[in-house]
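Engineer: Turn this into a model:
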Amino acid sequence: MYRSEVTTDESERTAFRKAEKKYKIYYDNTKKKKVTRPVDLSEVIDFKSILDDYNCNIELNDGVSVLNRDFDRPIFCLESRPGFYFIPGALSIEEQRQWIRESLASFPQPPNRTNHNAIYGPIEDLFVSAKERRVLVEVERLQDDVCSEVNALQSDVCAPRYKFVEEHGELRSKDACKSVPASVLLRKLRWSTLGLQFDWSKRSYNISLPHKKIPDALCQLAKRMAAPAMPCGEEFLPEAAIVNYFGSGDMLGGHLDDMEKDWSKPIVSMSLGCKAIFLLGGKSREDTPIAMFLRSGDAVLMAGEARECFHGVPRIFTDAENADISHLESQFTQEDGHAYLDYIRTSRININIRQVF
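Structural biologist: You can find the predicted model right below:
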């Protein structure tokens, strides 16, 4: 699904790597606190401002054009990157809320896989357990008097190796070293997969792995978003998706998405949560990438030649001044919504959907 070349001294000097270093977050330590180092954002394309100009009949930036397709909002193109399309504000506020909830509560659920599978195996109800301040413990190490529910699992050969238990009062000293708060695991969640599962060790899709289908509502949304980039008369078929989770200081290094069969079909990428910088390079790491802002609700399509372009996310903005999520504040006001809002205030979620075959 991703191809990212091994970092060498030579790759550290490429144009793409220089751009990553330019926008990556750095801190200056003072006597009182850690302060984010200022960064020059003057060359970052802001499609929100471009949309405002377009709606006011103001001339567009050089190299930016509007795709003439039957769609409910303007779609912008970069003339130097054929096959790349940017749809600012593509998702309504209600859709953003829906997919933030799904991304945290539903998408990491087994049999969908996450980055935690390699260490802990399938983890049930991670988000709920984090909200309830539970901890993950290794079942085999629990003492007999810890928890009757877990005791029952110990005799079950099909039981998971790890189990969430209450945070207070259940653990003994010998088990503490094996316990991990669910809140820590949630913050360390980096990806989950939907639909056809990708085998990272073999770098290919493994159709034999158990999986849930991509939800119908998400499929319909992806089809609608993909339509402007599809070959004439063809319909996008969502078969696999990866959900990326970013926290403060996280980045996604420059890579190619090159494991799908037909690159004429777009990757549909939707942003949720804190604002980020997206780098779109060329077919070589030596090509100077174009930097642009991604905000919650924006959608990006990459098809054809754009599929051969290196791209990555060197930075997300988690401070209140630059995160640009004020429109989401009122969407999570009920009691069960505070956990979602607390998460998204300092995080970004990216859902990207592919047609594999």
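Engineer: Show me the shaky parts of the protein.
Structural biologist: The model of the chain has pLDDT under 70 over residues 1-11, 31-32, 139-161, 167-178, 335-336.
Engineer: ranges for the helices of it?
Structural biologist: 15-23, 47-55, 93-101, 117-120, 126-131, 148-154, 173-176, 182-187, 216-226, 338-344 (DSSP state H).
Engineer: Tabulate the ones you listed in TSV, adding columns for distance to residue 282 and mean neighbour count.
Structural biologist: (Glycine included, C-beta is placed from N, CA and C.) Converted to TSV, these look like this (distance: least, Cβ to Cβ, whole Å; neighbours: other Cβ atoms under 10 Å):
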stretch	distance to residue 282	mean neighbour count
helix 15-23	9	19
helix 47-55	20	16
helix 93-101	31	18
helix 117-120	33	13
helix 126-131	38	21
helix 148-154	53	13
helix 173-176	51	11
helix 182-187	34	19
helix 216-226	23	18
helix 338-344	33	19
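Engineer: Out of those helices, which is closest to residue 310?
Structural biologist: Nearest of the helices of the chain to residue 310, taken as Cβ to Cβ: helix 15-23 at 5.6 Å.
Engineer: who touches that closest one?
Structural biologist: 11, 39-40, 44, 251, 253-254, 277, 279, 281, 285-289, 291, 310, 312, 314-315 (Cβ atoms under 8 Å, 6 or more residues apart in numbering).
Engineer: rewinding a little: make TSV out of the helices of the chain and add distance to residue 239.
Structural biologist: Formatted as TSV, these follow (distance: least, Cβ to Cβ, whole Å):
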stretch	distance to residue 239
helix 15-23	29
helix 47-55	28
helix 93-101	18
helix 117-120	20
helix 126-131	25
helix 148-154	35
helix 173-176	42
helix 182-187	27
helix 216-226	9
helix 338-344	27
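Engineer: of the ones you listed, which approaches residue 297 most closely?
Structural biologist: Ranking these by proximity to residue 297 (Cβ to Cβ) places helix 93-101 first, at 5.3 Å.
Engineer: Just the angle for the closest one relative to helix 216-226, thanks.
Structural biologist: 120 degrees (axes from the mean of the first three to the mean of the last three Cα atoms, to 10 degrees).
Engineer: To residue 108, which of the helices of the chain lies closest?
Structural biologist: Among the helices of the chain, helix 126-131 sits nearest to residue 108 (Cβ to Cβ), with 5.4 Å.
Engineer: Mind giving me the packing neighbours of the closest one?
Structural biologist: helix 182-187, helix 338-344 (3 or more Cβ pairs under 8 Å, 6 or more residues apart in numbering; DSSP states H and E).
Engineer: Only the buried subset of the contacts of helix 15-23, as a PyMOL command please.
Structural biologist: To isolate the buried ones among the contacts of helix 15-23 in PyMOL, judged by 16 or more other Cβ atoms under 10 Å, type:
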select buried, resi 251+253+254+277+279+281+285+287+289+291+310+312+314+315
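Engineer: Provide a list of residues in contact with the nearest residue to residue 284 once chain neighbours are set aside.
Structural biologist: Spatial nearest neighbour of residue 284, chain neighbours left out: residue 310 (7.7 Å); criterion: Cβ to Cβ, 6 or more residues apart in numbering. Contacts for residue 310 (Cβ under 8 Å, 6+ apart) come out as 16, 254-256, 279, 281-285, 287, 289.
Engineer: Report the buried residues of stretch 79-97.
Structural biologist: Residues of stretch 79-97 classed as buried by neighbour count (16+ other Cβ under 10 Å): 81, 83-91, 95-97.
Engineer: Same question for stretch 185-196.
Structural biologist: So stretch 185-196, judged by 16+ other Cβ under 10 Å, has buried residues 185-187, 189, 191-196.
Engineer: now do the same end-to-end measure for it.
Structural biologist: 24 Å (Cα to Cα, to the nearest Å).
Engineer: circling back: what about the residue nearest to residue 284, distance to residue 215?
Structural biologist: When distance is defined by Cβ to Cβ, to the nearest Å, residue 310 is 30 Å away from residue 215.
Engineer: for residue 120, same thing?
Structural biologist: 25 Å.
Engineer: ditto for residue 348
Structural biologist: Counting by Cβ to Cβ - residue 348 and residue 215 are separated by 21 Å.
Engineer: Look at those two and report which has more neighbours.
Structural biologist: residue 348 (27 against 17; other Cβ atoms under 10 Å).
Engineer: That's all I had, so thanks and see you.
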